[in-house]
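*Asks:* take a look and give me a structure for this.
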Amino acid sequence: CWLRGFSLTGAALHRAMSASAILSTVASVFKAVVTIFLTALPGFVAGFTGTIDQDFLQRLSHFNLTYLVPGLAFSSLGQRLTLEQLGKLWPLPLWSGAQLASGLFASRVLSASLS
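*Replies:* As a prediction, this is how the structure comes out:
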């Protein structure tokens with residue numbers, strides 16, 4: 001650990017541990033982004049070279065973005081999430097649900113007004 005040799009107490013120790021946790025989280029997010037990029041890369045290469053037709057690539061891209069990318073993100077970041085941390089992060093699912101509900105409501109209103 002990079003903290004060996006330092007005698008930190010109280011708030012300084014808490015800040016150092018928080019910095020370590022932040023760096024660990026940033027590393028996890030970077031790993032998830034690289035994994036997602038590598039998942040999309042074969043489709044990009046196949047489309048660029050013309051190996052696969054565009055209709056199939058659009059369907060594959062939709063499948064990738066709908067099912068594979070969220071699964072990779074949850075599996076990568078979910079490994080570090082404990083039940084205690086989830087209890088502290090309860091506003092995030094609540095906020096996501098509110099965004100989904102407001103988006104559904106706005107789309108229904110817009111759809112009704114355009115019809």
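*Asks:* going forward, measure contacts between C-alpha atoms and count neighbours the same way
*Replies:* Will do.
*Asks:* and residue 82, backbone torsions?
*Replies:* The phi and psi values for residue 82, taken as degrees, to the nearest 10, are phi -100, psi 170.
*Asks:* my bad, should have said residue 59
*Replies:* Dihedral angles (degrees, to the nearest 10) for residue 59: phi -70, psi -40.
*Asks:* neighbours of it, how many?
*Replies:* For residue 59, the neighbour count with other CA atoms under 10 Å is 10.
*Asks:* helices of this structure, start to end?
*Replies:* 10-49, 54-63, 69-78, 83-88, 91-114 (DSSP state H).
*Asks:* export the fourth one as PDB, just CAs?
*Replies:* Listed next in PDB are the C-alpha coordinates belonging to helix 83-88 (Å, rounded to 0.1, in the frame of the first residue of the first chain):
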ATOM      1  CA  LEU A  83     -25.100  -4.200   0.500                       C
ATOM      2  CA  GLU A  84     -23.900  -1.400   2.900                       C
ATOM      3  CA  GLN A  85     -22.900   0.800  -0.100                       C
ATOM      4  CA  LEU A  86     -26.200   0.100  -1.800                       C
ATOM      5  CA  GLY A  87     -28.000   1.300   1.300                       C
ATOM      6  CA  LYS A  88     -26.100   4.600   1.000                       C
END
